[in-house]
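A.B. asks: Quick check, what structure comes out for this input:
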Amino acid sequence: MLVAAAVCPCPPLLVPEVAAGAAAELDGVRAACRDALGVLAAARPDRLVVVGPAQESGCGPHPQGTRGSFRGFGVDVDVRLGAEGTGPGAPERELPLSLAAAAWLLERLGWADAPVEGLGVPELLAPERCVETGAGLAGQDERVALLVMGDGSACRTVKAPGYLDERAAGFDAAVARALGAADVAALKSLDVDLAHELKATGRAAWQVLAGAAKGADLVGALLYDGAPYGVGYLVAIWS
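C.D. replies: Prediction:
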């Protein structure tokens with residue numbers, strides 16, 4: 001059963017070494033993420049599942065101990081999802097960037113409260129599949145927590161990665177309301193095509209959360225809502 005969830009954005013710029021001289025611009029986002037992870041730890045889950053968008057090669061499960069890297073951005077930063085894995089041998093695949101960002105956040109917090117596993121989801125995964133996936137995750141243990149990674153629209157300003165789209169602000173506002181109110185129905189109703197057009201990478205992961213939270217009666221709170229660099233970043237907790 002889902003007992004708590006945290007929603008965080010997943011830009012590589014969360015890692016100060018990647019952001020370099022602009023690192024301070026995301027201090028508020030990092031602080032909100034740290035607070036959200038603190039809520040997960042306080043829930044004392046038996047299992048933490050990290051969910052985030054992934055390209056085809058990174059989709060599917062990533063066991064505890066899977067490693068990730070930000071070396072593609074020219075920095076010497078490696079991460080690992082939780083403690084060393086307990087299975088036979090190290091995982092062969094590398095974490096997708098969304099889960100690598102989560103691993104960095106967890107390492108920064110010093111997470112040692114429960115076993116951790118990751119799940120990369122395709123950005124265009126159908127809503128019903130997302131909901132089914134979430135329900136399956138919630139049923140894995142008596143006390144399951146989710147760390148849900150994903151960005152809002154990337155079209156909030158003319159300098160945004162997707163340029164300016166007048167629909168972006170409204171889309172992000174609707175997501176912010178849904179996350180802040182733990183509104184499962186509103187998350188389930190997010191439009192796949194619109195989210196894709198606005199380059200909102202978090203849509204599928206948020207709908208996985210909606211599936212996991214059905215019947216859990218959790219209360220939401222929005223900790224951060226902003227659009228640095230024209231990209232919607234949201235931090236929320238459900239507990």
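
A.B. asks: which of the residues in the helix ranked longest in the chain are buried?
C.D. replies: Longest helix in the chain, counting residues (DSSP state H): helix 27-42. Across helix 27-42, burial judged by 16 or more other Cβ atoms under 10 Å covers 29-30, 32-33, 36-37, 39-41. In short, each C-beta sits where N, CA and C put it, glycine included.

A.B. asks: where in the chain is pLDDT low?
C.D. replies: Along the chain, the parts satisfying pLDDT under 70 run over 85-91.

A.B. asks: Mind doing that once more with 80?
C.D. replies: Scanning the chain for pLDDT under 80 picks out the ranges 83-92, 112-113.

A.B. asks: Can you name the residues bridging to the residue nearest the centre of it?
C.D. replies: In the chain, the centroid-proximal residue (Cα atoms, centre = their mean) is residue 149; its distance is 0.7 Å. Residue 149 forms beta bridges with residue 8, as assigned by DSSP bridges.

A.B. asks: Helix or strand: which one has residue 99?
C.D. replies: For residue 99, the element it lies in under DSSP states H and E is helix 97-109.

A.B. asks: continuing past that helix, what's the next helix or strand?
C.D. replies: strand 116-122.

A.B. asks: Tell me the helices and strands packed up against that next one.
C.D. replies: Here strand 116-122 touches strand 47-54, strand 60-62, helix 97-109, helix 127-138, helix 203-213, going by 3 or more Cβ pairs under 8 Å, 6 or more residues apart in numbering; DSSP states H and E.

A.B. asks: Can you list the neighbours in contact with it?
C.D. replies: Identification of contacts with strand 116-122 by Cβ atoms under 8 Å, 6 or more residues apart in numbering yields 47-54, 56, 58-64, 66, 81-83, 95-96, 98-99, 102-103, 106, 130, 133, 137, 204-205, 208.

A.B. asks: Which PyMOL command selects the buried ones in these?
C.D. replies: In PyMOL, a selection of the buried entries from the contacts of strand 116-122 looks like this (16+ other Cβ under 10 Å):
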select buried, resi 47+48+49+50+51+52+53+54+58+59+62+63+64+66+81+82+95+96+98+99+102+103+106+130+133+137+204+205+208
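
A.B. asks: Using PDB, write out the CA atom coordinates for stretch 201-209.
C.D. replies: Extracted in PDB, the C-alpha atoms of stretch 201-209 (Å, rounded to 0.1, in the frame of the first residue of the first chain):
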ATOM      1  CA  THR A 201       8.300  14.600 -19.300                       C
ATOM      2  CA  GLY A 202       6.600  14.000 -16.000                       C
ATOM      3  CA  ARG A 203       3.100  13.100 -17.300                       C
ATOM      4  CA  ALA A 204       3.500   9.300 -17.400                       C
ATOM      5  CA  ALA A 205       5.300   9.200 -14.000                       C
ATOM      6  CA  TRP A 206       2.600  11.400 -12.400                       C
ATOM      7  CA  GLN A 207      -0.100   9.000 -13.800                       C
ATOM      8  CA  VAL A 208       1.800   6.100 -12.300                       C
ATOM      9  CA  LEU A 209       1.500   7.900  -9.000                       C
END
